[in-house]
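*Asks:* Turn this into a model:
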Amino acid sequence: MTRALIYCRVSSAKQRIEGSGLESREQRCRAYADDKGYIVEGVFPDDVSGGGDFMRRPGMVALLSFLDAQKGKSYVVIFDDLKRFARDTEFHLKLRREFATRGASIECLNFRIEDTPEGKFIETVIAAQGELEREQNRRQVIQKMKARVENGFWVFRAPIGYRYVSAPSGGGKILEPDPVLAPLVTDALEGFASGHLGSQAEVQRFLERSPHFPKDKPDGTLRPMTVNRLLKKVVYAGYVEAPNWGVSTRKGQHEGLISFETFQKIQDALEGRKRHFPARKDKNEDFPLRGFVACDCCGNAMTAAWSKGKYRRYAYYRCETRGCEAKSKSVPKAKMEEGFGEILKGLQPAKELFQLAEVMLRDA
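*Replies:* You can find the predicted model right below:
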């Protein structure tokens, strides 16, 4: 009896659960084996899309490993379609050699493989045709995606803070702000633009403190590159672009989380250009430390205000940063400023500094 193995592959997880999926392909391969009188000893499925190195496909890796463990035994490996064998001509030929070195032959439902010069030539032509079709499909997909970007639609993975929904006018998906993550991203971007978050490291810590913001490291932290990319995405200003496809920056069809002016301030800061922050309009002699003291919880600048009580008014400093655990928790003005005074008292200039000042004043 001839021993057989079945390898079946689909291009996506969606195909796997539909009628043209793995089960239907396996069924056709089993019917072929029964007709030939083969005994099927194993089935190796894959749902990896496109071409590429077959050695990275889990199903193919498992199949080759199985053959390695069955030294001295001969197998026929059944494919339902020669194009499912390997979509790249280079890998097709390489995979043929891998099977040959393991003493395995291949058979396809839709192509009779012949070990003759003519048979090998036709097989190579069909493999090249599969590669051509894949490249043509890829080109067509890129052309369609490029056209959508040119019309103001974002076509890539939804950035953090957005999600895809069906466009109201039909014809595909469009970005809309995520109700949970969008406010957090807006606070981070505006905080960096305004200077309240003075560095990328501060933006990183701000985002890491949120339980909702997705982390990309096992320890619950973010990679610095993640923050840098977030600060550079023009999509957050309501614009789209695709430089690799020659599509310049243009107004998008989606709602921005920040203004383009804010986005430009962020780019100026990243490129080292000096940022000019407007004078605060809420300067008040009653609160000399407003904007200079930082929240112990989130690190952002605290604000201050008077609060009206039953009989009199009370002065407080407090944090108003969205998402901060200490948000709206007040610190009495007297307590805050007395503590600041104690810090000043502890600052004793060095004797050398007085001597230097004396020399400078004498020479002036």
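
*Asks:* following the helix or strand bottoming out on mean pLDDT in the chain, which helix or strand shows up next?
*Replies:* The helix or strand of the chain with the lowest confidence, counting by mean pLDDT, DSSP states H and E, is helix 13-16 at a mean of 52. Next along the chain after helix 13-16, taking DSSP states H and E as the criterion, comes helix 22-36.

*Asks:* Indicate each strand paired with the helix or strand just after that next one and its parallel or antiparallel sense.
*Replies:* As assigned by DSSP H and E, the chain's next helix or strand after helix 22-36 is strand 39-46. Strand 39-46 pairs in its sheet with strand 3-9 (parallel), by DSSP bridges.

*Asks:* Not counting the partner strand itself, show me its contacts.
*Replies:* Where contact means CB atoms under 8 Å, 6 or more residues apart in numbering, the residues beyond strand 3-9 that reach it are 22, 25-26, 29-30, 33, 36, 38-48, 57, 59-60, 63, 66-67, 73-80, 84, 104. Backbone N, C-alpha and C define where each C-beta goes, glycine included.

*Asks:* And stretch 210-229, end to end?
*Replies:* In stretch 210-229, first residue to last residue: 18 Å (CA to CA, to the nearest Å).

*Asks:* Check which residues of it are buried.
*Replies:* Neighbour-count burial for stretch 210-229, counted by 16 or more other CB atoms under 10 Å, picks out Ser210, Phe213, Leu222, Thr226, Val227.

*Asks:* Please apply the same query to stretch 260-275.
*Replies:* By 16+ other CB under 10 Å, the buried positions in stretch 260-275 come out as Thr262, Phe263, Lys265, Ile266, Ala269.

*Asks:* and that stretch, average pLDDT?
*Replies:* Here stretch 260-275 scores 84 as its mean pLDDT.

*Asks:* check contacts around the nearest residue to Ser74 once chain neighbours are set aside.
*Replies:* Counting by CB to CB, 6 or more residues apart in numbering, Ser74 lies nearest to Gly103, which is 5.5 Å off, once chain neighbours are set aside. Counting by CB under 8 Å, 6+ apart, Gly103 makes contact with Leu67, Lys73, Ser74, Tyr75.

*Asks:* of the residues you listed, closest to Lys251?
*Replies:* Checking the contacts of Gly103 against Lys251 by CB to CB gives Leu67 as the nearest, at 56.5 Å.

*Asks:* Output the below-cut-off pLDDT ranges for the stretch 251-364 of the chain.
*Replies:* Across the stretch 251-364 of the chain, the ranges flagged by pLDDT under 70 are 273-284, 352-354, 356, 359-361, 363-364.

*Asks:* how about the helices in it?
*Replies:* Along the stretch 251-364 of the chain, counting by DSSP state H, counting those that start in this stretch, helices occupy 260-270, 333-345, 351-363.

*Asks:* Quick one, which of those gets closest to Phe153.
*Replies:* helix 260-270 (17.9 Å).

*Asks:* who does the closest one touch, helix- and strand-wise?
*Replies:* The elements that helix 260-270 packs onto, with contact taken as 3 or more CB pairs under 8 Å, 6 or more residues apart in numbering; DSSP states H and E, are helix 181-194, helix 224-232.

*Asks:* and of those helices, who's closest to Ser330?
*Replies:* Ser330 lies closest, by CB to CB, to one member of the helices and strands packed on helix 260-270: helix 181-194, at 20.8 Å.

*Asks:* Show the average pLDDT along the closest one.
*Replies:* In this model, helix 181-194 carries a mean pLDDT of 93.

*Asks:* surely Trp306 meets Ala315?
*Replies:* Yes. Between Trp306 and Ala315 there is a contact under CB atoms under 8 Å: 5.6 Å.

*Asks:* Residues that sit against both of these two, list them.
*Replies:* Asp286.

*Asks:* more crowded one of the two?
*Replies:* In terms of neighbours (other CB atoms under 10 Å), Ala315 is the more surrounded of Trp306 and Ala315; the figures are 16 against 13.
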